[in-house]
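> need a structure here:
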Amino acid sequence: MAGIAAWGAYAPRLRLSRKAVTEANAWVAPNLKAKGKGERTMANWDEDALTMAVEAARDALGPGDDRSHIDSLYFASTTAPFADRLSAGIVSAALTLEKSIAASDVTGSQRCGLTALGQALSAGGTSLVAVGEHRKARAVSAQELDFGDGAAAFVVTGEPGAAELLGRGSVTDDFVDHFRGDDGGFDYYWEERWIRDEGIVKLVPPAIRKALEVAVLSASHVDHFCFPSTFSGMAGTLAKTVGIKPEAVRDNLAAVMGEAGCAHGPIMLAQALEDAKPGEVILVAQFGQGAEALVFRATGQGRRPARGVTGSLADRQEETNYLKFLTFNGLVEWDKGMRAEKDNKTALTTLYRNEDMILGLVGGRCRETGVVQFPRTRISVAPNNPAVDTQEPYRFAERRASVLSYSADYLTFSMAPPNHYGMIVFEGGGRIMMDITDVAPGDVETGLPVRMVFRIKEVDEKRGFVRYFWKATPDRTAVANQSVQAAE
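Numbering: from 1, shown residues only. Okay, the predicted model is just below:
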């Protein structure tokens, strides 16, 4: 017996207006006008598949510091920032998981998110599955409008938890609907009718039937059917083919999010878990060189996420600047100015020796005085008691914090000027000078409640190395609560 004990999700705050995209490209691609409705999630310049997966995992794990119960970690993505570096290792360090955990990357197909979840459910023990996707498409393409960015995460245990696994079905077939070479370019797609009629319609139903057979259920028992596709009505067609009732087909979030690649099936599953009543059956399937299907029964138990899919989608900021989207995704070459001309080489020895501080935002607390500081050093900053070697690790990432002072700087280089940064003070002690992200001019003020987010700090374009650190972002839930209290 295995199941999902907890889940979480993440969607970037920025939402690119499809109308803005189609209007900007109407002169060259008027045929895209039909796709100009709704919006898609748009990763900020400092977000990628890995950072989004970390945020979804934090949503699933909850705010506590003790994560010693996690035995293994699976990170799934087809757009990981490194071709040869264990991305799951970066996720583990950001989440301050135990060094003894088993960690692996799962990739290579749009169904790899569900594959990773299925592997974790079969492995036993307590696992964390984090799936993130930041798909890039050529400018003025249908994929640019269809795609979206996002992540989901699940804590898997040997108990039923919030959803008990009932069955799993897989089909593996080298049906190439699209591919991307090892040069890291864009996906190349084959003809849509071929993908739909010879691929999805023929390869997905056998996986669904196998999963239902293992679960000893008929298709009519399914209450929630999750299937992501950029083809309109595809989920309904599959449901009719296998005998799932039409009302069980769930909205694929195309109008508000787009299709988040290998993360989209897991995202739809996460949203179904938010809505499902105890005893209801959830079936999630995804296509990709075959298909993967998982069947669950909701229990009504387990820990619900603080944000989840619903909360992430509700926290939105419309973006109508198409050029900003192109710039953030590296689709235009622009003059960054002299202030950007610096060598961003990362000292890998320093990164390793300070891994918990840089990737995990771990500082120190003096055992003698209780004084908290960042960074952790051999000598305590406690007034009148500079004790030596008395500090123990102290995690800042989940602490409440606020802005003490800040600057909005147009002189230093920033991918999204002005460059916001400031002194952040933490509840319980400690302060860190750090960048502030996901803000516009006028959003930041002294006393603003903030929370920590794991983001890209800098990119070494010469060597292809991505450097990560933590940043502050407005805690909009806390701000809203303060406004309500002030009104009362």
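> Every contact and neighbour count from this point should use C-alpha atoms.
OK.
> List the buried residues for the helix or strand hosting residue 170?
Secondary structure from DSSP states H and E places residue 170 in strand 163-172. Buried residues in strand 163-172, counted by 16 or more other CA atoms under 10 Å: 163, 164, 165, 166, 167, 168, 169, 170, 171.
> what does stretch 141-158 give?
Buried-residue list, stretch 141-158, by 16+ other CA under 10 Å: 143-158.
> Quick check: end-to-end length of that stretch?
End-to-end span of stretch 141-158 (CA to CA, to the nearest Å): 44 Å.
> Also stretch 13-22?
21 Å.
> try stretch 166-185
First-to-last residue span, stretch 166-185, CA to CA: 39 Å.
> So what touches that stretch?
118, 186-191, 195, 199, 203-204, 206-215, 288-297 (CA atoms under 8 Å, 6 or more residues apart in numbering).
> Against which helices or strands is the longest strand seen in the chain packed?
Identified as the longest strand of the chain according to DSSP state E is strand 449-460. Applying 3 or more CA pairs under 8 Å, 6 or more residues apart in numbering; DSSP states H and E, one finds that strand 449-460 contacts helix 49-61, strand 401-409, strand 465-474, helix 476-487.
> right, and those - which one's nearest residue 315?
helix 476-487 (8.4 Å; CA to CA).
> average model confidence for the closest one?
Across helix 476-487, pLDDT averages out at 73.
> With stretch 228-245 instead?
97.
> what do you get for stretch 190-202?
pLDDT averaged over stretch 190-202 gives 96.
> let's have the chain start at 12 instead
That works, and once the first residue is 12, the last one we named lands at stretch 201-213.
> Spatially, what comes nearest to residue 161 if we skip its sequence neighbours?
residue 22 (4.7 Å; CA to CA, 6 or more residues apart in numbering).
> The one you found: what's it in contact with?
Per CA under 8 Å, 6+ apart, neighbours of residue 22: 52, 63, 160, 161, 162, 320, 323, 324.
> Over to residue 52?
22, 23, 24, 25, 26, 27, 159, 160, 161, 267, 268, 269.
> Go through the residues you listed and flag which are in strands.
25, 26, 27, 161.
> Where do the helices of the stretch 212-361 of the chain begin and end?
212-226, 245-253, 275-286, 319-325, 333-339, 359-364 (DSSP state H, counting those that start in this stretch).
> Please identify which of the ones you listed is closest to residue 235.
helix 275-286 (6.8 Å).
> Please name every helix or strand in contact with that closest one.
strand 14-21, helix 123-134, strand 161-168, strand 235-237, strand 292-298, helix 319-325.
> Please pull out the lowest mean pLDDT helix or strand from this protein.
helix 487-498 (a mean of 73; mean pLDDT, DSSP states H and E).
> And the ones in strands among the contacts of residue 52, which is closest to residue 455?
Relative to residue 455, and with distances defined as CA to CA, the nearest of the ones in strands among the contacts of residue 52 is residue 25, at 17.4 Å.
> any idea which residue of the chain is furthest from its center?
The centre of the chain is farthest from one residue, residue 395, which by CA atoms, centre = their mean lies 44.4 Å away.
> Which of the three states applies to that one?
What DSSP: H, G, I helix; E, B strand; the rest coil gives for residue 395 is coil.
> Next, it: phi, psi?
When read as degrees, to the nearest 10, the backbone of residue 395 gives phi 70, psi 10.
> partners of residue 430 in the sheet?
Beta-bridge partners for residue 430, by DSSP bridges, are residue 420.
> Contact partners for it?
418, 419, 420, 421, 423, 424, 446.
> Got the confidence number for the residue farthest from the centre of the chain?
Residue 395 is given a pLDDT of 87.
> Equivalent analysis for the one 5 residues further on, please.
pLDDT, the model's per-residue confidence, is 95 for residue 400.
> next one: the one 4 residues further on
Per-residue confidence (pLDDT) for residue 404: 96.
> Residue 488 and residue 318, how far apart?
Taking CA to CA, one finds residue 488 at 10 Å from residue 318.
> which one of these two has more residues nearby?
Neighbour totals were compared for residue 488 and residue 318, and residue 318 leads with 17 against 12 (other CA atoms under 10 Å).
> quick one: contacts for the more buried one?
Per CA under 8 Å, 6+ apart, neighbours of residue 318: 19, 20, 70.
> As JSON lines, those residues with distance to residue 312 and neighbour count would be great.
Formatted as JSON lines, the contacts of residue 318 follow (distance: CA to CA, whole Å; neighbours: other CA atoms under 10 Å):
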{"residue": "19", "distance to residue 312": "15", "neighbour count": "32"}
{"residue": "20", "distance to residue 312": "18", "neighbour count": "36"}
{"residue": "70", "distance to residue 312": "17", "neighbour count": "23"}
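> Out of those, which is nearest to residue 47?
residue 20 (26.0 Å).
> my guess is the closest one contacts residue 276, does it?
No: look at residue 20 against residue 276 with CA atoms under 8 Å: they stay out of range, at 11.7 Å.
> where does the chain dip in pLDDT?
Flagging of the chain using pLDDT under 70 yields the residue ranges 494-499.
> Leaving out sequence neighbours, find the closest residue to residue 267.
residue 50 (5.2 Å).
> Regarding that neighbour, what are the backbone dihedral angles?
phi -150, psi 170.
> Please give me every residue in contact with residue 102.
61, 62, 64, 65, 86.
> Wait, a strand at it?
No: with three-state DSSP as the criterion, residue 102 is located in helix rather than a strand.
> How many residues are close by the spatially closest residue to residue 275 that is not a sequence neighbour?
Leaving out its chain neighbours, the residue that sits closest to residue 275 by CA to CA, 6+ apart is residue 239, at 6.3 Å. When neighbours are counted by other CA under 10 Å, residue 239 registers 27.
> Then residue 345?
Neighbours of residue 345 (other CA under 10 Å): 8.
> again, but for residue 189
With other CA under 10 Å as criterion, residue 189 counts 14.
> Not counting residues beside it along the chain, what's closest to it?
residue 200 (4.3 Å).
> Contact partners for the one you found?
Residue 200 touches 188, 189, 190, counting by CA under 8 Å, 6+ apart.
> Please consider this matter closed, and thank you.
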